[in-house]
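Peer 1: From the sequence below, what's the structure:
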Amino acid sequence: MPTKICDVVDCSNESFQTVPMDKASKVFSFKSEKTKVHLCREHYKEYKKKTKKERDIDRLDWIR
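Peer 2: A predicted model of the protein is given here:
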């Protein structure tokens, strides 16, 4: 099975995690439009840091 590559523009690292496009597009620009995108380890770490508050709010809405 071929390895997947990070979908962030100008990145050619191996994919580590898949995330929803609508949330990830707030942080990065991508090569193509999809519903989910692949991120390498470095970009995934950056994604988690920059969307932490938004993800916390989403979790609080789920609890209600």
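
Peer 1: Return the set of buried residues in stretch 17-37.
Peer 2: 19, 24, 27, 28, 30, 37 (16 or more other C-beta atoms under 10 Å). All C-beta atoms are positioned from the backbone trio N, CA, C, and that covers glycine.

Peer 1: and it, average pLDDT?
Peer 2: For stretch 17-37, mean pLDDT is 89.

Peer 1: Any chance you could list what contacts that stretch?
Peer 2: Residues outside stretch 17-37 that contact it (C-beta atoms under 8 Å, 6 or more residues apart in numbering): 7-9, 38-39, 41, 43-44, 46-47, 50-51, 54-55.

Peer 1: Would you format those as JSON lines with distance to residue 15 and secondary structure included?
Peer 2: Compiled in JSON lines, these are given as follows (distance: C-beta to C-beta, whole Å; DSSP: H, G, I helix; E, B strand; the rest coil):
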{"residue": "7", "distance to residue 15": "8", "secondary structure": "coil"}
{"residue": "8", "distance to residue 15": "10", "secondary structure": "strand"}
{"residue": "9", "distance to residue 15": "15", "secondary structure": "coil"}
{"residue": "38", "distance to residue 15": "4", "secondary structure": "strand"}
{"residue": "39", "distance to residue 15": "7", "secondary structure": "strand"}
{"residue": "41", "distance to residue 15": "9", "secondary structure": "helix"}
{"residue": "43", "distance to residue 15": "10", "secondary structure": "helix"}
{"residue": "44", "distance to residue 15": "9", "secondary structure": "helix"}
{"residue": "46", "distance to residue 15": "15", "secondary structure": "helix"}
{"residue": "47", "distance to residue 15": "13", "secondary structure": "helix"}
{"residue": "50", "distance to residue 15": "19", "secondary structure": "helix"}
{"residue": "51", "distance to residue 15": "18", "secondary structure": "coil"}
{"residue": "54", "distance to residue 15": "22", "secondary structure": "helix"}
{"residue": "55", "distance to residue 15": "20", "secondary structure": "helix"}
